[in-house]
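Student: coords below, sequence missing:
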């Protein structure tokens, strides 16, 4: 499950002027009439008028600290954070040790999400006034934003040394510990805060995130349910509860949570993707396809396209499946999952050349994939590319020696090239590895038949029968081989076994008749021939044909 990033601790800062003792030297300064008018306009709620008066003062050369301090505040109230910061920096230029100037310039940078600038200005404010806890807090928060948890932790410690019960600073410290990988210490702080403030959504949110990271799903469920009781629309809580449901294979609950999540946050890619996965796991393929498509519409993604292709294939939409796999391959040329599924889809559709191309690309991307080489070899056999097929199966067996199915296909590829000695060697190697390997024995039997080695072929057939392989073909062929060897009683027994499986098997009836006649059982022989002709009348065509020889 993809999860939402940690809830971020934040405290609203306002540009502020602290009460100070009156500097006697300031009383000697002439009061700016424009400043006085600006204050009057401000009291009337006319911020624009106040701004105009202050700008007039500056235009006339009245570049006094009071003017810039007032200008910064008015611009801040107007939401013009860039020029507000410039005004406070002008003030800091006039009074370098003015903590308020640096602090307020930092607040403006924070509003503009210029975290590094804000951090530097908070640091200057704290250096001008080390007792200013708000500056330490602001510094810590900005350092968290730029993923610098260790110095952020030091800043929060400074703030807590001045205000030991400050919940916001404790939250900041916990987040810093969490970012630094000290999950247990962070969790302890969150739980301590919850004891005094059980409605802290920030603590519960971050506990859910911690639990997901550590895969402690039972804790995740407890915190997620508590969070949902406070905020039914919490995306993190819904994701957390869905993660618990996935871990416990409760795909209906997962789908319910994720349906709510995607309703609340329609552009939540992970929500749609995981909703598709939940429906797919539950066997609701139409709903799964719709959810994956929503995820792809938000963000084209190779894994989502691959999953969509699998679902479409299960729905019987083979063209749609192929399209999805092709899009996934195009989107992520280095990936293998989509290419593998594309190959399977093409193979299933009977497009063997295209499937072979897909497996060729897959083997090139992942030369250590024995499955890629195996499927490529199978396609090459289908395309009658026997030499190439043999090479593919040889590569496959180097990666996975003694893989019986690959050995059987390699032997077949050799056989199709008339490399009978090589084919026999592969079959014998497979049989050496597994004396009960029926496929290897069957291959050796067929090879012996083709080479006219009747005695060896019979031995292999009898061995298959001993191992429990009593198929019609094996029993019949054993009967033929025994008959040719003159072992008539044994041949009759095998023909009878074959006929017990297929009573109207004409060739077995015909041959059994010949064996019985040779054994002097004329009546039984004629009965077999009659049954053979009844089952297969065309046998009568050769009855009166002249013997040849």
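Tutor: Nice, thanks for sending it over. Predicted, not measured: the structure shown is a model, and the values here were computed from it.

Student: after the least confident helix or strand in the chain by mean pLDDT, next one along is what?
Tutor: Least confident helix or strand, the chain: helix 24-27 with a mean of 48, by mean pLDDT, DSSP states H and E. Next along the chain after helix 24-27, taking DSSP states H and E as the criterion, comes helix 33-43.

Student: which residues touch that next one?
Tutor: 47, 49-51, 53-54, 56-57, 60, 62, 64, 66-67, 70, 74 (C-beta atoms under 8 Å, 6 or more residues apart in numbering). For every residue, glycine as well, the C-beta is placed using N, CA and C.

Student: now do it, average pLDDT.
Tutor: Across helix 33-43, pLDDT averages out at 92.

Student: thinking again about what came up before, from the contacts of helix 33-43, which shows the smallest pLDDT?
Tutor: Ranked by pLDDT, the contacts of helix 33-43 bottom out at residue 62, which has 88.

Student: which residue packs closest to that one, ignoring adjacent ones?
Tutor: Leaving aside its chain neighbours, residue 62 sits nearest to residue 32 (5.1 Å; criterion: C-beta to C-beta, 6 or more residues apart in numbering).

Student: surely that neighbour touches residue 66?
Tutor: Yes. Between residue 32 and residue 66 there is a contact under C-beta atoms under 8 Å: 7.3 Å.

Student: and the helix or strand encompassing residue 380, what other elements does it pack with?
Tutor: Residue 380 is part of helix 370-382 when elements are defined by DSSP H and E. Contact partners of helix 370-382 among helices and strands, from 3 or more C-beta pairs under 8 Å, 6 or more residues apart in numbering; DSSP states H and E: helix 337-348, helix 352-365, helix 386-399, helix 404-416.

Student: can you give the contact residues for that helix?
Tutor: With C-beta under 8 Å, 6+ apart as the test, helix 370-382 has contacts from 340, 343-344, 347, 352, 355-356, 359-360, 362-363, 366, 386, 388-390, 392-393, 395-396, 399-400, 403, 405-406, 409-410, 412-413, 416.

Student: of the residues you listed, select the buried ones using a ChimeraX command.
Tutor: Selection of the buried residues among the contacts of helix 370-382 in ChimeraX, burial being defined by 16 or more other C-beta atoms under 10 Å:
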select :340,343,344,347,352,355,356,359,360,362,363,386,388,389,390,392,393,395,396,399,403,406,409,410,412,413,416
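
Student: quick one, which of the contacts of helix 33-43 are buried?
Tutor: By neighbour count, with 16+ other C-beta under 10 Å, the contacts of helix 33-43 hold 47, 49-51, 53-54, 57, 62, 64, 66-67, 70, 74 as buried.

Student: okay, the residues you listed in CSV with distance to residue 436 and secondary structure next?
Tutor: Shown next, in CSV, are those (distance: C-beta to C-beta, whole Å; DSSP: H, G, I helix; E, B strand; the rest coil):
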residue, distance to residue 436, secondary structure
47, 92, helix
49, 99, helix
50, 97, helix
51, 94, helix
53, 101, helix
54, 97, helix
57, 101, helix
62, 103, coil
64, 101, coil
66, 99, helix
67, 98, helix
70, 96, helix
74, 92, helix
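
Student: quick check: residue 517 touching residue 511?
Tutor: No. Counting by C-beta under 8 Å, residue 517 stays clear of residue 511, with 10.7 Å between them.

Student: hang on, the earlier thing: quick one: the helix holding residue 380 to helix 352-365, angle?
Tutor: Calculated by axes from the mean of the first three to the mean of the last three C-alpha atoms, to 10 degrees, helix 370-382 forms an angle of 150 degrees with helix 352-365.

Student: list the buried residues in helix 370-382.
Tutor: Using 16+ other C-beta under 10 Å as the test for burial, helix 370-382 gives 370-381.

Student: would a markdown table of these with distance to residue 167 and pLDDT be doable?
Tutor: Shown next, in a markdown table, are the buried residues of helix 370-382 (distance: C-beta to C-beta, whole Å; pLDDT from 0 to 100):
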| residue | distance to residue 167 | pLDDT |
| --- | --- | --- |
| 370 | 58 | 96 |
| 371 | 56 | 96 |
| 372 | 57 | 96 |
| 373 | 61 | 97 |
| 374 | 61 | 97 |
| 375 | 60 | 97 |
| 376 | 63 | 97 |
| 377 | 66 | 97 |
| 378 | 65 | 97 |
| 379 | 65 | 97 |
| 380 | 69 | 97 |
| 381 | 71 | 97 |
